[in-house]
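Enquirer: What would the 3D arrangement of this be:
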Amino acid sequence: MNSTFLEQLRGPESGGQLRLDTEQSQLVDESSGDSYPIIEGIPRFVASEHLASFGLQWNKYEVAHDDEDRATFQAKTGMRLEDLSGLRVLDAGCGGGRYSKIVGEAGAKVIGADHSTAVEKAAQLCGHLPDVNFVQADLKKLPLEPASFDFVFSIGVMHHDADTRAVFDSVAKFVKPGGKMAVWLYRRNQWWQEWINDALRRRTTTMPAEKLEPWCRRGAWLGGLPVIGKTLNKIANFSNHPNWENRVCDTFDWYAPQYQYHHTVEELSGWFRDAGFDQLRVLPPEKTGRFYRWTYEQNLLIGSGVNVQATRIS
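Expert: Here you go, the predicted model:
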């Protein structure tokens with residue numbers, strides 16, 4: 001950790017500045033008396049709790065692919081990499097850090113925050129980038145200064161909390177006036193798809209990881225089949241990513257988390273407006289093709305998203 005990063009941290013409850021206690025390897029909030037351990041160079045403000053499955057999946061699987069991650073980041077945030085140099089950026093729900101890495105390599109000063117121990121994988125992945133730092137923290141109580149980031153993004157994270165809107169409202173406060181924010185959430189599908197998904201997840205969310213993972217590997221095998229991988233997964237979700245390890249990880253990501261909520265473009269757009277944003281851009285899906293776009297617009301693609309970027313005016 002560098003001194004500039006430490007100066008940016010705040011007590012998640014008090015909002016006060018923190019003092020580094022090198023003897024105890026912790027940060028101390030002198031206004032409240034609270035202390036927070038620094039473990040493996042990462043300040044820890046929470047335990048994993050209901051998001052422990054994310055720590056397992058991101059630390060276990062190797063899913064970062066630079067070219068793909070660059071393309072996905074630009075598609076899901078509406079930001080060009082060449083426009084990021086020198087900006088202060090918050091990766092809200094950084095997981096294993098693959099997008100923090102892309103943004104840091106583009107020249108931005110990045111703080112990645114995640115509720116799980118995935119920050120350990122993120123720190124390893126970004127170890128060559130001195131301006132990329134991580135905290136293990138609750139997105140609803142981030143230990144950072146409000147209205148201090150030029151760009152904030154959150155890809156596929158907020159809907160895994162008990163209250164998606166509460167997470168959105170909290171994270172939005174960290175965008176400075178004139179700054180931008182981009183959010184990607186799971187899209188609400190047709191009623192019958194939602195019913196099947198809910199029924200399956202009622203079972204899978206009670207399974208320990210060692211029992212669920214073999215089922216996810218079966219789903220990954222199905223996702224590699226030429227026809228089934230693009231048809232059956234519209235009924236019961238499993239990944240058809242070209243890479244085997246990504247397919248296992250993505251499928252586990254769908255079935256393991258305790259919470260998973262699906263939203264609409266209108267809903268997300270309304271949240272942005274209520275939080276003082278304008279210049280809303282509804283971002284299209286990364287994939288193209290007439291049939292794909294039709295099924296996307298009909299809300300038939302399980303695991304697809306609603307994706308909005310906007311600018312904060314107040």
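Enquirer: pLDDT below threshold where in this protein?
Expert: In the predicted model of the chain, residues 1, 48-60 satisfy pLDDT under 70.
Enquirer: And the strands in it?
Expert: Taking DSSP state E as the criterion, the chain carries its strands at 19-21, 26-28, 35-39, 42-43, 88-92, 109-114, 132-136, 149-155, 175-186, 277-282, 305-312.
Enquirer: What residues sit buried inside the third one?
Expert: By neighbour count, with 16 or more other Cβ atoms under 10 Å as the criterion, the buried positions of strand 35-39 are Tyr36, Ile38. Backbone N, C-alpha and C define where each C-beta goes, glycine included.
Enquirer: pull the CA atoms of it into CSV?
Expert: Extracted C-alpha coordinates of strand 35-39, given in CSV (Å, rounded to 0.1, in the frame of the first residue of the first chain):
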residue,chain,number,x,y,z
SER,A,35,-9.9,-0.8,14.0
TYR,A,36,-9.6,-2.7,10.7
PRO,A,37,-6.9,-5.3,10.0
ILE,A,38,-4.6,-5.2,7.0
ILE,A,39,-4.1,-8.8,5.8
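Enquirer: Identify all contacting residues around it.
Expert: Strand 35-39 is touched from outside by 1, 18, 21, 24-29, 43-45, 143, with contacts defined as Cβ atoms under 8 Å, 6 or more residues apart in numbering.
Enquirer: the inter-axis angle of it versus strand 132-136?
Expert: Put simply, strand 35-39 runs at 120 degrees to strand 132-136, going by axes from the mean of the first three to the mean of the last three Cα atoms, to 10 degrees.
Enquirer: for strand 35-39, the distance to its chain's centre please.
Expert: Counting by Cα atoms, centre = their mean, to the nearest Å, strand 35-39 is centred 23 Å from the centre of its parent chain.
Enquirer: Likewise for the last one?
Expert: The chain centroid and the centroid of strand 305-312 are separated by 14 Å under Cα atoms, centre = their mean.
Enquirer: So in that sheet, which strands flank that strand, and in what orientation?
Expert: strand 175-186 (antiparallel), strand 277-282 (antiparallel) (DSSP bridges).
Enquirer: Only whichever of the contacts of strand 35-39 are buried, select them in ChimeraX.
Expert: Buried residues within these, by 16+ other Cβ under 10 Å, are selected in ChimeraX with:
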select :18,26,27,28,29,43,44,45,143
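Enquirer: Tell me which two in the contacts of strand 35-39 are the farthest apart.
Expert: Within the contacts of strand 35-39, Gln24 and Pro143 form the most distant pair, 17.5 Å apart (Cβ to Cβ).
Enquirer: re earlier: kindly compare burial across the strands paired with strand 305-312 and name the winner.
Expert: strand 175-186 (a mean of 21; mean count of other Cβ atoms under 10 Å).
Enquirer: Need the contact partners of that one.
Expert: Applying Cβ under 8 Å, 6+ apart, the external contacts of strand 175-186 come out as 76-79, 147-156, 158-159, 164, 168, 171-172, 260-263, 268, 272, 277, 283, 303-314.
Enquirer: List only those of those flagged as buried.
Expert: Judged by 16+ other Cβ under 10 Å, buried ones among the contacts of strand 175-186: 76-79, 148-156, 158-159, 164, 168, 171-172, 260, 262-263, 268, 272, 277, 283, 303-312.
Enquirer: Asn307 contacts Thr72, correct?
Expert: No - counting by Cβ atoms under 8 Å, Thr72 is not a contact partner of Asn307; they are 11.1 Å apart.
Enquirer: just to revisit the earlier point, identify, from the contacts of strand 35-39, the entry nearest to Cys216.
Expert: Arg44 (28.1 Å).
Enquirer: I'd guessed Tyr99 sits against Asp91; true?
Expert: Yes - using Cβ under 8 Å, Tyr99 makes contact with Asp91 at a distance of 5.9 Å.
Enquirer: Looking at those two, which has the bigger crowd around it?
Expert: More crowded of Tyr99 and Asp91, by other Cβ atoms under 10 Å: Asp91, with 30 against 26.
Enquirer: List the residues that contact the closest residue to that one other than its chain neighbours.
Expert: Leaving out its chain neighbours, the residue that sits closest to Asp91 by Cβ to Cβ, 6 or more residues apart in numbering is Gly112, at 4.2 Å. Counting by Cβ under 8 Å, 6+ apart, Gly112 makes contact with Leu90, Asp91, Cys94, Gly97, Ser100, Val119, Ala122, Cys126, Val132, Asn133, Phe134, Val135.
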